[in-house]
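J.: Dropping the sequence and predicted coords here.
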Amino acid sequence: MTSTSKSTLPILALIMMINALSYGVIIPLIYPLAERFGLGATGLSWLIASFSLAQFIATPIIGRLSDRYGRKPLLLISVFGSAASMVLMALANSGFSLFFARIVDGVTGGNNSVAQAAIADSTSGADRAKAFGLLGAAFGFGFLFGPALGGLLGNFNLMAPFWFASGLAVLAVVLGGLFLTETLPVENRKAVKMEHLFHGKQLFTALLTPMVGILFVLTLLLSMAQSSFIIGIQTISFDVLKLSTKTFGLILGSVGLVSVIMQAGVIRLAIKVFKKEWLLVFSLLGSTLTLAAFYFFQELNWFVGLNVLYTVFISLGAPVVSGLISERTKAEDQGYVLGLNQAYMALGMIIGPLLAGLVALTGLSHIFILAAGVLVVGLLATKWLFVSGKKIDL
């Protein structure tokens, strides 16, 4: 890694860790809060989809603006938007205001893709994939404590975690403003085309580009499966297993620990030993089988064990996909292309929850079969990963 990346990565990781902690705090509370305003499993799916729709529209715009004006200001704006959203959720007094708060968070939800672009500015090759893994580990570390803390705070007051999460996001903004170094050289900003911030033709062209296009498809499918899975574990936890927010938060905390171990250590080692494309195939296969097992085993001990096993497999996927996309993208387009990848992720988080909400009407456990089926399609699509292609130029 360059000296710039060595100085940038720790503060980026810290910002993403705090951001993940603030987000993780509210996870055990989303479904109980939705139920307070009369939203069941289907309503929860629409709530999650509203956030993702806003993110799908806004994230490529944020990514392209970061290509033109730098990573630092857009990252700080995105994190501040999350802080504002948490305040709105804490003040929510109806289903409408809850939806509005999630949409605000989605509109400013480009922090992950901008952070990835900052990494891409100053790393290359295997170092870039490792850096993405470390960024993911920092995010996972936030999830290690966030859900458990949210569950504990939620036992005292359902709104307390949202105020706490907002404060954490503000802290991340302050730290970023004081210590984050801009990674995008001025000369790279001059090469950026600004006539279109979000263009359907470019989105479609990227989808058809060899290598990068199939990776966008895989991002979409992974996101669909993961967002469906989240609906599944929340509804099973509260409606079937009758868990408290504290217990559910502790389960998610154990999942966060596994994610940290995987992304901080295992992925870095695996990338050295195995071809990244084969790691992605392994991730999809293991995740598919584990999701199918959720359908058959829903006792508490099995539920916890399968959550951990699923995290082991799924944690391999995202940093490998992001690394492969970045390797095949020109330097001046990193923010925009990674923003497109985030947009496809958001699109999956629109489609996945809506499908899960429909499937939930036939049985909550059917959600896991839906998610497994989506990943089977991803497995079939991986054959195009092994076809060589050129760097995308947008």
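T.: Cool, got the structure. Numbering: from 1, shown residues only.

J.: what are the ranges of the helices in the stretch 51-200 of the chain?
T.: With DSSP state H, counting those that start in this stretch as the criterion, the stretch 51-200 of the chain has helices at 71-90, 95-107, 111-122, 125-156, 160-179, 186-190, 200-208.

J.: before we move on, what about the stretch 201-350 of the chain?
T.: Along the stretch 201-350 of the chain, the stretches classed as helices by DSSP H, counting those that start in this stretch are 212-235, 245-261, 267-273, 276-296, 300-314, 317-327, 334-360.

J.: can you give me the angle the very next helix or strand once past the last one makes with helix 317-327?
T.: Once helix 334-360 ends, the next helix or strand along the chain (criterion: DSSP states H and E) is helix 366-381. Between the axes of helix 366-381 and helix 317-327, defined by axes from the mean of the first three to the mean of the last three C-alpha atoms, to 10 degrees, the angle is 40 degrees.

J.: And the residue lying closest to S326 once chain neighbours are set aside, what's its pLDDT?
T.: Sequence neighbours aside, A120 is the residue nearest to S326 in space, at 4.7 Å (criterion: C-beta to C-beta, 6 or more residues apart in numbering). The C-beta positions use only the backbone N, C-alpha and C, and glycine is treated the same way. The model reports A120 with a pLDDT of 79.

J.: again, but for A356
T.: A356 is given a pLDDT of 90.

J.: From N93, how far off is it?
T.: 27 Å (C-beta to C-beta, to the nearest Å).

J.: So between those two, which is more surrounded?
T.: A356 (30 against 9; other C-beta atoms under 10 Å).

J.: for the helices of the stretch 51-200 of the chain, which one sits closest to Y310?
T.: Closest to Y310 of the helices of the stretch 51-200 of the chain, according to C-beta to C-beta: helix 125-156, at 13.8 Å.

J.: which of the residues in that closest one are buried?
T.: 128-154 (16 or more other C-beta atoms under 10 Å).

J.: Quick check: which ranges of the stretch 51-200 of the chain have low pLDDT?
T.: Across the stretch 51-200 of the chain, the ranges flagged by pLDDT under 70 are 110, 124-126, 129, 140-143, 188-200.

J.: for the chain, which helix is longest?
T.: helix 3-36 (DSSP state H).

J.: for that helix, packing partners?
T.: helix 41-69, helix 71-90, helix 95-107, helix 111-122, helix 125-156, helix 160-179, helix 212-235, helix 245-261 (3 or more C-beta pairs under 8 Å, 6 or more residues apart in numbering; DSSP states H and E).

J.: Wait, F179 touches I11, no?
T.: Yes. Using C-beta atoms under 8 Å as the test, F179 is close enough to I11 to be in contact (5.0 Å).

J.: And these two? Which one has more around it.
T.: Neighbour totals were compared for F179 and I11, and I11 leads with 16 against 13 (other C-beta under 10 Å).

J.: burial count for M16?
T.: Close neighbours of M16, defined as other C-beta under 10 Å, add up to 26.

J.: let me redo that: N157
T.: 11.

J.: Can you tell me the closest non-neighbouring residue to L9?
T.: For L9, the closest residue by C-beta to C-beta, 6+ apart turns out to be A131, at 5.9 Å.

J.: just L241 next, same as before
T.: Here the residue nearest L241, using C-beta to C-beta, 6+ apart, is L300, at 5.9 Å.

J.: wait, doesn't the one you found sit right on S237?
T.: No. Taking contacts as C-beta under 8 Å, L300 lies outside contact range of S237: 9.6 Å.

J.: tell me the contacts of F294?
T.: G232, F303, L306, Y310, S365, F368 (C-beta atoms under 8 Å, 6 or more residues apart in numbering).

J.: cool, and A138?
T.: A138 makes contact with L12, A13, L14, M16, M17, A20, according to C-beta under 8 Å, 6+ apart.

J.: I'd like those residues as TSV, with pLDDT appended.
T.: Below are the contacts of A138 laid out as TSV (pLDDT from 0 to 100):
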residue	pLDDT
L12	80
A13	79
L14	77
M16	78
M17	77
A20	76
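
J.: Now, of the residues you listed, which are buried?
T.: Here, 16+ other C-beta under 10 Å leaves L12, A13, L14, M16, M17, A20 buried among those.

J.: In this model D121 seems to touch the first one, though I could be wrong.
T.: No. Here L12 lies out of contact with D121, judged by C-beta under 8 Å, at a distance of 10.8 Å.

J.: what touches both of the two?
T.: Counting by C-beta under 8 Å, 6+ apart, L12 and D121 have no shared contacts at all.

J.: dump the residue contacts of the residue nearest to F274 when sequence neighbours are not counted.
T.: Computed as C-beta to C-beta, 6+ apart, the closest residue to F274 that is not its neighbour in sequence is F282, at 8.0 Å. Applying C-beta under 8 Å, 6+ apart to F282 gives the contacts F274, F313, L316.

J.: can you check F216 too?
T.: A206, L207, I325, L340, N341, Y344.

J.: repeat for N307
T.: Here N307 is in contact with I233, I251, S254, V255 (criterion: C-beta under 8 Å, 6+ apart).

J.: CSV for the residues you listed, including distance to S78?
T.: Listed next are the contacts of N307 as CSV, based on distance: C-beta to C-beta, whole Å:
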residue, distance to S78
I233, 27
I251, 29
S254, 29
V255, 25
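
J.: ok, of those, which one's closest to T42?
T.: When the contacts of N307 are compared against T42 (criterion: C-beta to C-beta), the nearest one is I233, at 16.2 Å.

J.: Report how many residues lie close to the closest one.
T.: 22.

J.: before we move on, what about E187?
T.: Neighbour count for E187, taken as other C-beta under 10 Å: 8.

J.: ditto for T42
T.: When neighbours are counted by other C-beta under 10 Å, T42 registers 17.

J.: thinking again about what came up before, when L300 and S237 are compared, which one has more neighbours?
T.: S237 (22 against 13).

J.: OK, contacts around that one?
T.: Applying C-beta under 8 Å, 6+ apart to S237 gives the contacts Y31, L243, F248, I251, F303.
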